[in-house]
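# Let's see this in three dimensions:
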Amino acid sequence: MLEIKPIQDKNQQKMLCELCKTVYRPSALAYSAYENGEPIGICQFRIKNDNGYLYDLCNTDGVDDLEALIIMGRATLNFIDLCGVHTAYFEGEKTRGAMAVGFREKDGALFADLTGMFESPCKKHKECE
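Below is the predicted model of the structure:
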């Protein structure tokens with residue numbers, strides 16, 4: 001079973017960053033992804049200056065689970081949106097995970113407008129209506 005949950009412990013965040021071969025950012029918040037109790041991914045992020053910033057959205061080394069990345073990325077964006085912040089930037093490299101959760105290139109950056117993204121029906125996509 002896939003579980004996406006916030007990381008409450010910085011030691012756990014650091015360990016998961018090592019497993020994902022990504023830079024540990026002690027000042028960042030983070031979500032984790034677990035499949036049947038095994039760690040499979042991390043998303044580190046910050047909220048500052050009325051924007052959300054995702055630093056990474058990645059699987060653990062040897063795992064390729066796009067679905068987990070999408071769900072974890074969307075959980076992160078939803079949290080940012082619930083905090084009253086409706087714009088987000090992806091600070092990492094352009095990846096299929098970042099694009100799959102809704103980031104698009106805008107003025108040389110990967111950007112996501114969160115306004116209406118988590119409403120039902122989704123106001124960002126006509127096919128949701």
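# Parallel or antiparallel, list what pairs with the host helix or strand of residue 40.
Using DSSP states H and E, residue 40 sits in strand 38-48. In the sheet, strand 38-48 lines up against strand 29-35 (antiparallel), strand 51-59 (antiparallel) (DSSP bridges).
# now the ones you listed in JSON lines, with distance to residue 66, mean pLDDT and mean neighbour count?
In this view, the C-beta of every residue, glycine as well, is placed from N, C-alpha and C. Listed next are these as JSON lines, based on distance: least, C-beta to C-beta, whole Å; pLDDT from 0 to 100; neighbours: other C-beta atoms under 10 Å:
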{"stretch": "strand 29-35", "distance to residue 66": "11", "mean pLDDT": "97", "mean neighbour count": "21"}
{"stretch": "strand 51-59", "distance to residue 66": "9", "mean pLDDT": "97", "mean neighbour count": "22"}
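# Same list (the ones you listed) but as TSV, adding distance to residue 89.
What follows is the strands paired with strand 38-48, written out as TSV (distance: least, C-beta to C-beta, whole Å):
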stretch	distance to residue 89
strand 29-35	15
strand 51-59	5
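# do you know which of these lies nearest residue 115?
Nearest of the strands paired with strand 38-48 to residue 115, taken as C-beta to C-beta: strand 51-59 at 12.5 Å.
# And the helices in this structure?
In the chain, the segments counted as helices under DSSP state H are 10-20, 66-82, 96-101.
# For the shortest one, which outside residues touch it?
Read it as helix 96-101. Contacts to helix 96-101, defined as C-beta atoms under 8 Å, 6 or more residues apart in numbering, come from residues 54, 57-58, 66, 69-70, 73-74, 77, 90, 92, 110, 112.
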